[in-house]
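**Q** here is a sequence together with a model predicted from it:
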Amino acid sequence: MMKVLNVSILSAILVSMALCDLSTPTLAMSEENPLEDNYDEEEDFMEEEDLIAMQFAPDPYENQDKRELVLKGEFMLYEIHVPNDQIEETMGLFCKIDFTPHQQDPSQYPFYNDLVGESEHCLNHPVEFKLTDIAQEARQYDSVIRNGMHSPAPKGFIFHQPHAGASLLANTIMAASPETTRVVSPHRIMTRIFNIHDDPRNRSQQQQQQIQTFQDAVYMFGRSSTSTMKNFYIREEPSATAHLSSVRQAFPDTKWVFLYRDPNVVLSKTIEASHERRACGFKNRRNPLKGLQGYVQSKSNKKKKVVDLTDEQACSAWLGLLLSSAQQEFEKDDGVVTGRLVNYDNEMNTEDGVMDVLEFLEVSTTEQEGAMERINEQRQKKANGSSFEGATAWNTVGSSTEESFSEEVVNANAEYVQADMTELKL
C-alpha cells in the first residue's frame, strides 16, 4: 500500500482563502469603485493549479515508481505514524535525504529532522507505505547481492535524560568514522510504537507486533547502498528510555547507554525551556508516559496522581522514571554486559571519559585517519542544529555546587529523581 502525500487538502484551503481574500474587494468595486469596468477577473484570479505551483516545488520523481525508489535506497524512512493505535497498520513516510551534511559536521545537523528540513522533497513530496509490507520487500530486495543494498544491525542505542550529553556522544561517534557510520536521531519512533494504549484482550499479540514494527523501522533507517557503511547507532528522545525493556527484547545483543546528570541541573534547564517544560509537565499530566502514574504512586503510597503535580514535580517524576527504567535494565545484565549508565559530569567532560564510553559502544578511532582530531573538535562544540547561527562551545559547567536552583526544583527532585539517585548511590 502506498500513498503519495500530496497537499491537496492544504492547497484547497489556501486556494479558498486566497479566493475569499480576492473576492471581498471585488464586491466593493461593484458598488463603489469607478474603475470596475477595467477589472478583468480572468487576469486577477489565479487558477488553483497556479497557486499550488507557487507554493510547492515540482516533484523530480513524479513519473517514477515510488516503491522502486524506496527499495533502491533513493528514498529513506524518516517518520512513522500509528493510526488509531493500530500497530499492525503502522505507516512509514519516505523521502530523499542527503546524509552528507551530517557526515561533514554532525554538530550542525545533530537530529534527523535537521536533514529532513533541508530536503525539499521531504517537505513537499514524501510518500507513504505500510511499514510491515515495505520492510519485508526491502529485506527480500537486499538479499540479492547485485542490488547493492544492505542494513547493518545496530551497534548501539543512546538513551538519556535531557541536557545530559547525548548530542555530544552521538556527534563524537559520527566524527570517529563518518564514511562508515550512520547515527540516526529519529523523532519519537520508539514512543510512537511502544506507548500506544494496551489491548487487554490481546496483549501478547500486540507486544509481538510492537517488537516486529520496531525491528522493521530500525531496518529501514539503517539501509544503505554504500558498502562501507557498517556502524549504525540510534539515539532517541528522552522518553524512549521508558521503553528500554521492549527495545532490548527486539535487540537483545545490542549495546546501549543511558546518560544522566545532576538532577537539579537537568530539571532547571528543562523547566527553563518552555517547549520542554510543556512536554514533561503539561503533556504528562494530560497523557502520562507509560509507567509514570505507577512511578508517582510508588513514591507517595498511591496518594498522588500525575494530574495533580506541578510542572517541577511532573518533570522530576518523569526524570525519575527514565532513570529507574535504565537502572532496572542495567541490573538484568547477567554475564555479558550490554548496558551502561553514564554520568555526564564524571565521564563526558574529559577526553578519557568520552573515549571510554566510545570504546564500550565499539566505536573505532583507528578506522579513519584523523579520528581523534575530529572527536576533539566535536567536544568543543555544542550541538545547536541547523536552525541556529553556527556551533558554540559545549557547556561543561553544571554541578549543584556551581549553580543555584529554585526551591521548587530542589523540593521536587528530593521527592522523585534525587531520591532515586541517592537510593541507587549514583
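**A** Alright, I've got the coordinates.

**Q** Phe282 - that's part of a strand, no?
**A** No. If the criterion is DSSP: H, G, I helix; E, B strand; the rest coil, then Phe282 is helix and not within a strand.

**Q** ok, it touching Thr310?
**A** No. Here Phe282 lies out of contact with Thr310, judged by C-beta atoms under 8 Å, at a distance of 10.9 Å. Placement of C-beta: from N, CA and C, glycine included.

**Q** where do the helices sit along the stretch 1-150 of the chain?
**A** Here the stretch 1-150 of the chain has its helices, by DSSP state H, counting those that start in this stretch, at 8-32, 41-44, 48-55, 66-71, 100-104, 112-117, 120-124, 131-142.

**Q** mind listing what's buried in stretch 143-157?
**A** Met149, His150, Ser151, Pro154, Lys155, Gly156, Phe157 (16 or more other C-beta atoms under 10 Å).

**Q** export the residues you listed as CSV, with columns for distance to Gln297.
**A** Converted to CSV, these look like this (distance: C-beta to C-beta, whole Å):
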residue, distance to Gln297
Met149, 48
His150, 47
Ser151, 41
Pro154, 34
Lys155, 37
Gly156, 33
Phe157, 29
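
**Q** so Asp199 makes contact with Gln206?
**A** Yes. Using C-beta under 8 Å, Asp199 is in contact with Gln206, at 4.8 Å.

**Q** the two: who's more crowded?
**A** Gln206 (19 against 15; other C-beta atoms under 10 Å).

**Q** surely that one is in contact with Asp198?
**A** Yes. Counting by C-beta under 8 Å, Gln206 does reach Asp198; the two are 7.1 Å apart.

**Q** local confidence estimate at the residue nearest to the spatial centre of the chain?
**A** The centroid of the chain falls nearest to His187 when counting by C-alpha atoms, centre = their mean (2.2 Å). Per-residue pLDDT puts His187 at 75.

**Q** can you pull the contacts of it?
**A** Neighbouring residues of His187 by C-beta atoms under 8 Å, 6 or more residues apart in numbering: Glu79, Phe111, Tyr112, Asn113, Glu237.

**Q** can you show me the helices along the stretch 201-350 of the chain?
**A** For the stretch 201-350 of the chain, the helices defined by DSSP H, counting those that start in this stretch occupy 203-222, 244-250, 263-272, 274-277, 283-286, 292-298, 311-332, 344-347.

**Q** reformat the ones you listed as a markdown table; add mean pLDDT and distance to Val257.
**A** Shown next, in a markdown table, are the helices of the stretch 201-350 of the chain (pLDDT from 0 to 100; distance: least, C-beta to C-beta, whole Å):
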| stretch | mean pLDDT | distance to Val257 |
| --- | --- | --- |
| helix 203-222 | 96 | 17 |
| helix 244-250 | 96 | 11 |
| helix 263-272 | 95 | 16 |
| helix 274-277 | 90 | 21 |
| helix 283-286 | 89 | 24 |
| helix 292-298 | 92 | 22 |
| helix 311-332 | 94 | 9 |
| helix 344-347 | 92 | 10 |
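
**Q** now those as JSON lines including distance to Val409?
**A** Formatted as JSON lines, the helices of the stretch 201-350 of the chain follow (distance: least, C-beta to C-beta, whole Å):
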{"stretch": "helix 203-222", "distance to Val409": "34"}
{"stretch": "helix 244-250", "distance to Val409": "26"}
{"stretch": "helix 263-272", "distance to Val409": "5"}
{"stretch": "helix 274-277", "distance to Val409": "12"}
{"stretch": "helix 283-286", "distance to Val409": "16"}
{"stretch": "helix 292-298", "distance to Val409": "17"}
{"stretch": "helix 311-332", "distance to Val409": "6"}
{"stretch": "helix 344-347", "distance to Val409": "17"}
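
**Q** thinking again about what came up before, lowest average pLDDT across the helices of the stretch 1-150 of the chain?
**A** Across the helices of the stretch 1-150 of the chain, the lowest-scoring stretch is helix 8-32, with a mean of 41.

**Q** and Lys305, how many neighbours?
**A** Residues contacting Lys305 under the criterion other C-beta under 10 Å number 13.

**Q** so which of the contacts of His187 wins on neighbours?
**A** Tyr112 (24 neighbours).

**Q** that older thread, from the buried residues of stretch 143-157, pick the one nearest Gly291.
**A** Proximity of the buried residues of stretch 143-157 to Gly291 (C-beta to C-beta) peaks at Phe157, which lies at 18.3 Å.

**Q** hang on, the closest one packs against Phe232?
**A** No. With contacts counted by C-beta under 8 Å, Phe157 stays clear of Phe232, the gap being 10.4 Å.

**Q** what's the overlap in contacts for those two?
**A** Residues touching both Phe157 and Phe232 by C-beta under 8 Å, 6+ apart: none at all.

**Q** out of the contacts of His187, what pair is the most spread apart?
**A** Glu79 and Glu237 (13.3 Å).

**Q** mind giving me the packing neighbours of the host helix or strand of Met421?
**A** Using DSSP states H and E, Met421 falls within helix 417-424. With contacts taken as 3 or more C-beta pairs under 8 Å, 6 or more residues apart in numbering; DSSP states H and E, helix 417-424 sits against helix 263-272, helix 311-332.

**Q** what angle do it and helix 311-332 make?
**A** Put simply, helix 417-424 runs at 30 degrees to helix 311-332, going by axes from the mean of the first three to the mean of the last three C-alpha atoms, to 10 degrees.

**Q** mind listing what's buried in helix 417-424?
**A** Across helix 417-424, burial judged by 16+ other C-beta under 10 Å covers Val417, Gln418, Asp420, Met421.

**Q** ok, back up a step: could you redo the helices and strands packed on helix 417-424 as CSV and give each row mean neighbour count and distance to Asp59?
**A** Converted to CSV, the helices and strands packed on helix 417-424 look like this (neighbours: other C-beta atoms under 10 Å; distance: least, C-beta to C-beta, whole Å):
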stretch, mean neighbour count, distance to Asp59
helix 263-272, 22, 40
helix 311-332, 23, 41
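
**Q** what about the helix holding Met421, average pLDDT?
**A** 84.

**Q** ok, Ser185 - contacts?
**A** Here Ser185 is in contact with Pro110, Phe111, Tyr112, Ala170, Ile234, Arg235, Glu236 (C-beta under 8 Å, 6+ apart).

**Q** and these, which is closest to Val296?
**A** If you rank these by distance to Val296 using C-beta to C-beta, Glu236 comes first, at 22.9 Å.

**Q** quick one: neighbours of the closest one, just the number.
**A** Using other C-beta under 10 Å, the number of residues around Glu236 comes to 23.

**Q** check the gap between it and Asn147 for me.
**A** Glu236 is 29 Å from Asn147, where distance means C-beta to C-beta, to the nearest Å.

**Q** excluding its backbone neighbours, what's nearest Lys66?
**A** Spatially, and ignoring its direct neighbours in sequence, Lys66 is nearest to Val127 (4.5 Å; C-beta to C-beta, 6 or more residues apart in numbering).
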